[in-house]
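# Requesting a structural model of the entry that follows:
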Amino acid sequence: MLIDRNLYLWAKSAPQTLIPETGEQSWEFSAPLLIYLLEGDALVSVYEDSEKSNLLYEGSLPWEPAEPICCDGLYLVTDTLSELTLICETGTRKIDFSPYMNTKSGMTAITTAYNDDSTYTASGMSSFKFNGTAAGTLYISSNHWVGFGTSSEQLKVCRRDGCSTAIYRQTGAFADGTTFIKIRFEGYTVYSSRVTANRLIFELFLLSNNDMFLNMVQTPTNSSYTGVSSLTASTTTTLTLHDGSGGGPVVSFYHLDNAGKTWDIRYEDYQQPNNYTEGYLLQLEDGYYTLTDDGAAVAVDVSNLTAAMFIKYGFDAIPSEELLLTLQNPQLLYWRSDGTRTRLRAKVTAEPKPQTIRATADMSHHSILGITEMTAQYSGTVKVRSSVDGGVTFSEEVDLGDYLNTDLTVLWESVQETHRLDLEFILYAGATLTSFILQYLN
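Residues are numbered from 1 along each chain as shown. Model (predicted):
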C-alpha cells in the first residue's frame, strides 16, 4: 500500500532483496520503504496492492520511478523467479501523539482526590531543560500550573483559585526513540463549584528532545472563570487556551536553545523536523567512484547519475585530504534527498614547488691547497645535494645547516679526482638563500 511520505523519518537502507516464489506475489515490508530503483532481469507489473486497481509500473527492469515510491508493501506480477533488488530508504514513524491523547489508559495516578491549594511533585526528565534548569522534578498545582524543576508558576493553564480532582503520569517512547513524560490534569477552575461550565482537563507532554506539547481536552465555558494562561521562561508569553465552547487548542512548544530559555509557540499539531539522506560520489575522468569502508576509491557502474545512484553507491562524508591529493582533477558530487543544493567549500593551501639553485666550485687551480671554511646566509628550509664526480651522481638531500658542518678535510680529499664540487640547493616554500661561500687555503 502507498503511504504518506511526510509521516516518516527516512534513512538510507541496505538494498532489499525480493525472491519471487510465484508469478504473482504480495510483499509486505517489515518497515516502510521509499523505493528509488527496482533492479532485476524481468518483465514486471507493479501494483499498489492485490486488488490491482492502481498499476504503478509495467515493463522491463530496471525501473526507476520519476518520484520515489513510498509504501509498506507492493503486489508484483513477474515472468521470472530470479532475484529482484530494491534500492531504497527505510522509514521510521514520526512522533505521533494521537494514541496518547484524550485518554487515561496506561497512566499512573499521582492523586485521585479532590484538592484545593495543593502542589504535587512527580519524577520529571533530568535531560529536559526549562529556563536553564533541569526538570528532574515536576511540580503540579491544583490551581493548574506546572513548574519544571522548580516550584514556581512557569506554565499557567487557566490558572486561578481552582482545584484538582485527579492528576496522572505516564512515560513512554515513540518509534524514533524519542521518550516522553505525560501529565494529565483533571479539575475545575472554581474550587467550590465543580460543574461542567468550570471543568478543566489538559494533557502535557515533555519530550526528550526538549520540546513540549499541550493538549487542551476540556476548558471552561463560563467566561468569568477562565483564569490566566501563560508560559514564563526568560520572558512571559500569554497563551490562549480556551475557545468558549468547552474545547481548546493543541499547542506545540519548540525549544530555540538548549537551556530552554526561549520557545517558539504554535497552535498546531506537533511537527517533527524532517531528516534527510545525504550522499557523495567522486567523479574522475574515467567515471564515478565510491569509497570503501577503509577509505579507498573504487569505480562504480553509473551510466545515468540519478538519486538512486547516490542511494546505491553514495558515501556519507567528504573524503580525506590524503585521498583527494592522490587523485587527478577529482570532482566531488553532493546529493540530498530533499533536492537542496549546497555549495561545497574547501580550504586549499597552495605551496610552490621547491626551487633548485645549482652551483659548481672549481678547485682545479694549482694555488688551491684545501678548504678552510664553508658559510651561507639563508632562511627557511634549504636542503643541499652534492656531487664530487662531475655531476654524475648526487648525495641524498640534507639540511644546509648540517652540510655546513661537514668535515672539510674529508670534503677536500673527496674532490681530489675531479677538483670539482657540484651543488644543488633546494629551497622549499618561503625559503631564501642569499650567499654560499667556500674559503680556500692558498
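# Ile357: what's it in contact with?
424-425, 427, 433 (Cβ atoms under 8 Å, 6 or more residues apart in numbering). Every residue, glycine included, has its C-beta placed from N, CA and C.
# oh sorry, the question was meant for Ala297
Ala297 is in contact with 282, 289-291, 319, 323, 327, counting by Cβ under 8 Å, 6+ apart.
# hey, what's it bridged with?
Applying DSSP bridges to Ala297 gives these bridge partners: Leu291.
# Next, count neighbours for Gly370.
Counted by other Cβ atoms under 10 Å, the residues lying close to Gly370 total 14.
# Near the residue lying closest to it once chain neighbours are set aside, how many other residues are there?
Computed as Cβ to Cβ, 6 or more residues apart in numbering, the closest residue to Gly370 that is not its neighbour in sequence is Leu441, at 3.8 Å. Number of residues near Leu441 (other Cβ under 10 Å) recorded here: 12.
# re earlier: check the contacts of Ala297 and tell me the two furthest apart.
Thr290 and Leu327 (13.4 Å; Cβ to Cβ).
# higher neighbour count, the two?
When neighbours are counted by other Cβ under 10 Å, Thr290 and Leu327 differ, and Thr290 comes out ahead with 20 against 15.
# Look up phi and psi at the nearest residue to the more buried one once chain neighbours are set aside.
The shortest distance from Thr290 to any non-neighbouring residue, by Cβ to Cβ, 6+ apart, is to Tyr313 (4.4 Å). For Tyr313, the backbone dihedrals (degrees, to the nearest 10) come out as phi -120, psi -20.
# just to revisit the earlier point, including secondary structure, could the contacts of Ala297 go into a markdown table?
A markdown table is the format used below for the contacts of Ala297 (DSSP: H, G, I helix; E, B strand; the rest coil):
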| residue | secondary structure |
| --- | --- |
| Leu282 | strand |
| Tyr289 | strand |
| Thr290 | strand |
| Leu291 | strand |
| Pro319 | coil |
| Leu323 | helix |
| Leu327 | coil |
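# out of those residues, which is most surrounded?
Leu282 (22 neighbours).
# I'd like to know how far the nearest residue to it once chain neighbours are set aside sits from Gln283.
Nearest non-adjacent residue to Leu282, counting by Cβ to Cβ, 6+ apart: Tyr289, 4.1 Å away. According to Cβ to Cβ, to the nearest Å, Tyr289 and Gln283 sit 7 Å apart.
# This structure - how does it break down into domains?
What automatic domain parsing lists as the domains of the chain is 5-93, 98-266, 278-336, 355-441.
# Pick the most buried one from these.
When you average the neighbours per residue for each of these (mean count of other Cβ atoms under 10 Å), domain 98-266 leads with a mean of 18.
# Quick one: end-to-end distance for that domain.
With Cα to Cα, to the nearest Å applied, domain 98-266 spans 18 Å between its terminal residues.
# Averaged pLDDT, it. What do you get?
On average, the pLDDT along domain 98-266 is 97.
# so what does the lengthiest strand in the chain touch, helix or strand wise?
In the chain, taking DSSP state E as the definition, the longest strand is strand 24-39. For strand 24-39, the contact count by 3 or more Cβ pairs under 8 Å, 6 or more residues apart in numbering; DSSP states H and E identifies strand 16-18, strand 69-78, strand 84-93, helix 307-313 as packing neighbours.
# Which stretches in the protein count as helices?
Taking DSSP state H to define them, one finds helices in the chain at 307-313, 321-324, 400-403, 408-414.
# Could you dump those into a markdown table and include mean pLDDT?
Below are these laid out as a markdown table (pLDDT from 0 to 100):
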| stretch | mean pLDDT |
| --- | --- |
| helix 307-313 | 94 |
| helix 321-324 | 84 |
| helix 400-403 | 95 |
| helix 408-414 | 94 |
